[in-house]
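Engineer: Structural data only, the sequence is not supplied:
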Ligand code: SF4
C-alpha cells in the first residue's frame, strides 16, 4: 500500500512542462476553478489577464499526457458555487469535460465563520438545495468518461454538533497558508490563535513536533470543539476514526 500523492491547485501556473514532470507521480489533481468565463474568473480569482485560458489549457494538457502515457491520475475540477458564478457552473462543466477532465465537483461554501470568509456572507442551505436547473444540467453531462458530483451538504451541516471530542484526523493532515502560516485545516485558516507556526521562520519539522501544535490541539479539545464547524474538512475522517476508537455495542450485528 503506497501513499496517495495529489495536488490541489488553481492551475494557472501548472504548465505543460510541470505536468510532464510530475503527472506520473500523482494519484489525482484537483483544479479549483471558480468561473466559466474569463471575466468572472478575473473578478473572483483576481489573477492575471488570461488566467482562465491558462487553467483550461493546463487541464487539456494534463488529459493529453494522461492518455498518451496511460496514467491512472484522476483529473478533478471543482467549483465552489456562490451567487457570482452560479450562472456559469454548467458552462464550466461543459468546458472542462471538453478539455478532458475526469470529474467535476460542485461544492457549497466552506463552513468558516462569516468574518473569515467574504463569500460565506449570506448563503443558506436553500441556495444550494434549490438549484435544480444546475443539478439537471450536470446530470446530462455524465457519461462513462466524465462524472459530475453536486455536494450541497456543507452549509446545511455548519452548525451540527460534533459527535467526537477531539480532532483525530489532524495528525494526518495540515494546512500551510499562502503567508506560510501552518494551522490544522482550512476551516481554521485566518485565525492566528490556532496557528502552529510559520514556515517562513521555522522548519516544518520544528513546527510539527513543537509544543505550540500540541497546545493548539489541546485548546480545541478543551473548548469542546467550539471553533470547529459541524461539517469541517476532516469531519468524515474524524467520524470514521472516532467510530474505530469508540465502537458502539454489537458493531458486528448485521
Ligand atoms: S475544524 Fe475539523 S479538521 Fe479542523 S481542527 Fe476542527 S475538527 Fe479538526
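Structural biologist: Nice, I can see it. Worth saying up front: this structure is predicted, and the values here are computed from it rather than measured. Numbering: from 1, shown residues only.
Engineer: distance of the closest residue in space to residue 170 that isn't next to it in sequence from the ligand?
Structural biologist: Distances taken as C-beta to C-beta, 6 or more residues apart in numbering put residue 184 closest to residue 170, at 5.0 Å, once the chain neighbours are dropped. Yep, even glycine has a C-beta here, placed from its N, CA and C like the rest. As judged by C-beta to the nearest ligand atom, to the nearest Å, residue 184 and the ligand stand 4 Å apart.
Engineer: Go ahead and confirm residue 184 touches residue 172.
Structural biologist: No: between residue 184 and residue 172 there is no contact, the gap being 10.9 Å when judged by C-beta atoms under 8 Å.
Engineer: Between these two, which has more neighbouring residues?
Structural biologist: residue 184 (26 against 9; other C-beta atoms under 10 Å).
Engineer: Ramachandran coordinates for residue 75?
Structural biologist: phi -100, psi 100 (degrees, to the nearest 10).
Engineer: To clarify, my last question referred to residue 11.
Structural biologist: Dihedral angles for residue 11 - degrees, to the nearest 10 - are phi 90, psi -10.
Engineer: what about it, how many residues close to it?
Structural biologist: Neighbour tally, residue 11, other C-beta under 10 Å: 23.
Engineer: got the contact list for it?
Structural biologist: Contacts for residue 11 (C-beta atoms under 8 Å, 6 or more residues apart in numbering) come out as 31-33, 54-55, 58-59.
Engineer: mind putting those residues in a markdown table, neighbour count, secondary structure and distance to residue 236 included?
Structural biologist: Putting the contacts of residue 11 into a markdown table (neighbours: other C-beta atoms under 10 Å; DSSP: H, G, I helix; E, B strand; the rest coil; distance: C-beta to C-beta, whole Å) gives the following:
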| residue | neighbour count | secondary structure | distance to residue 236 |
| --- | --- | --- | --- |
| 31 | 25 | strand | 22 |
| 32 | 17 | strand | 19 |
| 33 | 28 | coil | 23 |
| 54 | 16 | helix | 32 |
| 55 | 27 | helix | 28 |
| 58 | 24 | helix | 29 |
| 59 | 25 | helix | 26 |
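Engineer: Can you tell me which of these lies closest to the ligand?
Structural biologist: Proximity of the contacts of residue 11 to the ligand (C-beta to the nearest ligand atom) peaks at residue 32, which lies at 18.5 Å.
Engineer: didn't that closest one look like it was pressed against residue 9?
Structural biologist: Yes: contact criterion C-beta under 8 Å: residue 32 and residue 9 qualify, at 7.1 Å.
Engineer: For the closest residue to residue 100 other than its chain neighbours, give its distance to residue 31.
Structural biologist: Leaving aside its sequence neighbours, residue 100 sits nearest to residue 63 (C-beta to C-beta, 6+ apart; 2.5 Å). In this view, residue 63 and residue 31 are 11 Å apart by C-beta to C-beta, to the nearest Å.
Engineer: what's the overlap in contacts for those two?
Structural biologist: With C-beta under 8 Å, 6+ apart as the test, residue 63 and residue 31 both reach 75, 101.
Engineer: Could you list the low-confidence segments of the stretch 51-200 of the chain?
Structural biologist: The model of the stretch 51-200 of the chain has pLDDT under 70 over residues 110-123, 153-159.
Engineer: Could you list the residues of it in contact with the ligand?
Structural biologist: The stretch 51-200 of the chain comes close to the ligand at residues 167, 169-170, 184-185, 187-188, as judged by C-beta under 6 Å from any ligand atom.
Engineer: Would you check how far apart the residue nearest to residue 170 and residue 168 are?
Structural biologist: Taken as C-beta to C-beta, the span from residue 184 to residue 168 is 12 Å.
Engineer: What is the burial count for residue 8?
Structural biologist: Neighbour tally, residue 8, other C-beta under 10 Å: 12.
Engineer: Assumed it was part of a helix.
Structural biologist: No: under DSSP: H, G, I helix; E, B strand; the rest coil, residue 8 falls outside any helix and is assigned strand.
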